[in-house]
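Undergrad: Give me the fold of what follows.
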Amino acid sequence: QVRLVESGGGLVQPGGSLRLSCTASGFTLDYKAIGWFRQAPGKEREGVACIGYSGGSTHYADSVKGRFTISRDNAKNTVYLQMSSLKPEDTAVYYCAADIERSMCAARWGTLAYWGQGTQVTVGS
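TA: Below you'll find the model as predicted:
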């Protein structure tokens, strides 16, 4: 089955850290920009971070700049999202997706595909 699989979510206290993983199954992440997105209850899905194919191109939403770091290991066909200094407002289901039109991050996404099932991140005590 061709898809992305997210993992690493969980419950964490404010100020804590989590590392999410996004692994491709049935296809390669080669030459594709990858994005992390999140959706909180009652809110629209928002883009969190993007990483280009080589890893040299990254982009972050203002709300997570300085706290989240996106990286990728193309040999493992996996993209990571290291989240630190977590806040209650970071609580959401986190998804990853591949931009099948672009290999670098841009102002706008191309065509996002291979959405995973998401992983729940809950920040609270």
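Undergrad: Okay, and the beta partners of Ile70?
TA: Leu81 (DSSP bridges).
Undergrad: Next, the contact list for it, please.
TA: Trp36, Ala49, Cys50, Ile51, Thr58, Tyr60, Val79, Tyr80, Leu81, Gln82 (CB atoms under 8 Å, 6 or more residues apart in numbering). In this view, the C-beta of every residue, glycine as well, is placed from N, C-alpha and C.
Undergrad: Now Glu89: phi and psi?
TA: phi -70, psi -10 (degrees, to the nearest 10).
Undergrad: low pLDDT regions in this protein?
TA: Under the criterion pLDDT under 70, no range of the chain is flagged.
Undergrad: where along it do the strands fall?
TA: Counting by DSSP state E, one finds strands in the chain at the ranges 3-7, 10-12, 18-25, 33-39, 46-51, 58-60, 68-73, 78-83, 92-99, 112-113, 119-123.
Undergrad: in the second one, what's buried?
TA: Which is strand 10-12. Val12 (16 or more other CB atoms under 10 Å).
Undergrad: and it, how far out from the chain's middle?
TA: Here strand 10-12 is found 16 Å from its chain centre; the criterion is CA atoms, centre = their mean, to the nearest Å.
Undergrad: Tell me the spacing between the closest residue in space to Gly9 that isn't next to it in sequence and Glu44.
TA: Spatial nearest neighbour of Gly9, excluding adjacent residues (CB to CB, 6 or more residues apart in numbering): Thr119 at 3.4 Å. With distances taken as CB to CB, to the nearest Å, Thr119 is found 19 Å from Glu44.
Undergrad: between those two, which one's more packed in?
TA: Shown here are Thr119 and Glu44; by other CB atoms under 10 Å, Thr119 has more neighbours (22 against 6).
Undergrad: List the residues that contact the more buried one.
TA: Glu6, Ser7, Gly8, Gly9, Leu20, Val93, Tyr94.
Undergrad: do the same with Ile34
TA: Per CB under 8 Å, 6+ apart, neighbours of Ile34: Cys22, Cys50, Ile51, Arg72, Val79, Cys96, Ala97, Ala98, Asp99.
Undergrad: Kind regards, and thank you for your time.
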